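*Asks:* Return a 3D structure for these sequence lines:
(chains A and B)
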There are 2 protein chains.
Amino acid sequence: MKLLEDRIREDGRVLGENILKVDSFLTHQVDFALMKEIGQVFADKFRQAGITKVVTIEASGIAPALYVAEALKVPMIFAKKAKNITMTEGILTAEVYSFTKQVTSTVSIAAKFLDKEDKVLVIDDFLANGQAAKGLVEIIGQAGASVEAIGIVIEKSFQDGRQILLDAGQTVVSLARIEKFENGQVVFAQADA
Amino acid sequence: MKLLEDRIREDGRVLGENILKVDSFLTHQVDFALMKEIGQVFADKFRQAGITKVVTIEASGIAPALYVAEALKVPMIFAKKAKNITMTEGILTAEVYSFTKQVTSTVSIAAKFLDKEDKVLVIDDFLANGQAAKGLVEIIGQAGASVEAIGIVIEKSFQDGRQILLDAGQTVVSLARIEKFENGQVVFAQADA
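*Replies:* Got it, this is the predicted structure:
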């Protein structure tokens, strides 16, 4: 997605070895117009797929996922993150390890919002090690629902998340794929849409 | 907002003394169509106010705030919640106590996203004790920006959040105001819009 790549080049900030900050339009301040375009691109890709739910994870996935849901005219569900969940009745959970934060979180979705008829499009802002997406796929599987595809706004293609998801039989569609950082600049690989 | 009150009557679940669960359309599963209407109602109310930024707090405030931002054609910023923030350079923070969870969180916004020219509309999903909104007002004040108003989706009018904000000189606009729960049903007070 050229508009997104251009925006990353313009407003993204490369920090250290492998961090890209996009807090001016995606992860902290949010540009609704770009999110809306992102929603359209994913919807165009999956309009014929019979998607019934869009699932993401709080908090930065919510904005793009919401516009995907709007464009596909289906509900959006955001999974909750919590260190510990005591009340587990009616809750589907997965453990997700964050390499960045070096903590394991319990990610959860209320069971009542997914059933075996559901065809889910998973949306997330970043794909790096794939742990969050893997956790969502696990939860959706617990509900007996199927994951149609995983839509990613920004993929760090030099990390192994994409391969982990492909190995698990998933379809991954990333709108911007970062091959590497070079002299503080982003070098993109061919995107999926 | 009648559409919202109807939806709360239909899909909200009253639990115990003072809990209203609206996880089927606002706080977990999100109905984009209702959020879009909410965005329109707030925007109609504040279109002449010269709003430059919409500010909310993760995670449930993001969906309504995003559509308010779209309708007003301004950026949306979601404040981050964290137990501890070590890196505080360039970060505006406030301590927010949650009576529900009985924990104090540090709420933060990167200083670069707000300046003294900004006229901010604060949006949040719930107003109960007013602590989250108060924290956001404090942060926005630190940036030298002004808070035009605080827009709330669901106000629990039997708790003291509204009065706390009014006493602090703020304008509060709530789309649904809950006077009390009676036999597991919601009794509404007159809404602000």
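
*Asks:* Quickly list what the residue nearest the centre of chain A is bridged to.
*Replies:* Here the mean C-alpha position of chain A is nearest to the C-alpha of A:D124 (C-alpha atoms, centre = their mean), at a distance of 1.2 Å. A:D124 has the following beta-bridge partners by DSSP bridges: A:I152.

*Asks:* from what I can see it touches A:T56, true?
*Replies:* Yes: under the criterion of C-beta atoms under 8 Å, A:D124 makes contact with A:T56 at 6.0 Å. C-betas here are computed from N, CA, C, even on glycine.

*Asks:* Now the common contact residues for the two.
*Replies:* A:65, A:136 (C-beta atoms under 8 Å, 6 or more residues apart in numbering or on different chains).

*Asks:* Strands along chain A, start to end?
*Replies:* A:13-15, A:19-21, A:29-30, A:53-57, A:76-82, A:91-98, A:103-110, A:119-127, A:146-156, A:172-182, A:185-189 (DSSP state E).

*Asks:* and the third one, does that touch chain B?
*Replies:* Yes: applying C-beta under 8 Å from any C-beta of the partner chain, one finds strand A:29-30 in contact with chain B at A:29-30.

*Asks:* and chain A, which residues reach chain B?
*Replies:* Of all the residues in chain A, those lying near chain B are A:23-24, A:28-33, A:35-36, A:58-59, A:62-63, A:66, A:69-70, A:75-78, A:80, A:109-110, A:113, going by C-beta under 8 Å from any C-beta.

*Asks:* Provide a ChimeraX selection command restricted to the buried entries of these.
*Replies:* Typed into ChimeraX, the next command selects the buried ones out of the residues of chain A next to chain B (criterion: 16 or more other C-beta atoms under 10 Å in any protein chain shown):
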select /A:23,24,28,29,30,31,32,35,36,58,59,62,63,66,69,70,75,76,77,78,80,109,110,113
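
*Asks:* coming back round to it: tell me who's in contact with the residue nearest to the centre of chain A.
*Replies:* Contact partners of A:D124, counting by C-beta under 8 Å, 6+ apart, are A:56-57, A:61, A:65, A:132-133, A:136, A:150-153.

*Asks:* Highest neighbour count among those?
*Replies:* Looking at those with neighbours defined as other C-beta atoms under 10 Å in any protein chain shown, the largest count falls to A:A65 at 32 neighbours.

*Asks:* any idea of the pLDDT on the nearest residue to it once chain neighbours are set aside?
*Replies:* The shortest distance from A:A65 to any non-neighbouring residue, by C-beta to C-beta, 6 or more residues apart in numbering or on different chains, is to A:T56 (3.6 Å). Note on A:T56: pLDDT of 98.

*Asks:* What count of nearby residues applies to A:N183?
*Replies:* 6.

*Asks:* Now do it against B:T171, distance only.
*Replies:* According to C-beta to C-beta, to the nearest Å, A:N183 stands 49 Å off from B:T171.

*Asks:* re earlier: single out the most deeply packed of the strands of chain A.
*Replies:* For the strands of chain A, the stretch with the most neighbours on average is strand A:53-57, a mean of 28; neighbours defined as mean count of other C-beta atoms under 10 Å in any protein chain shown.
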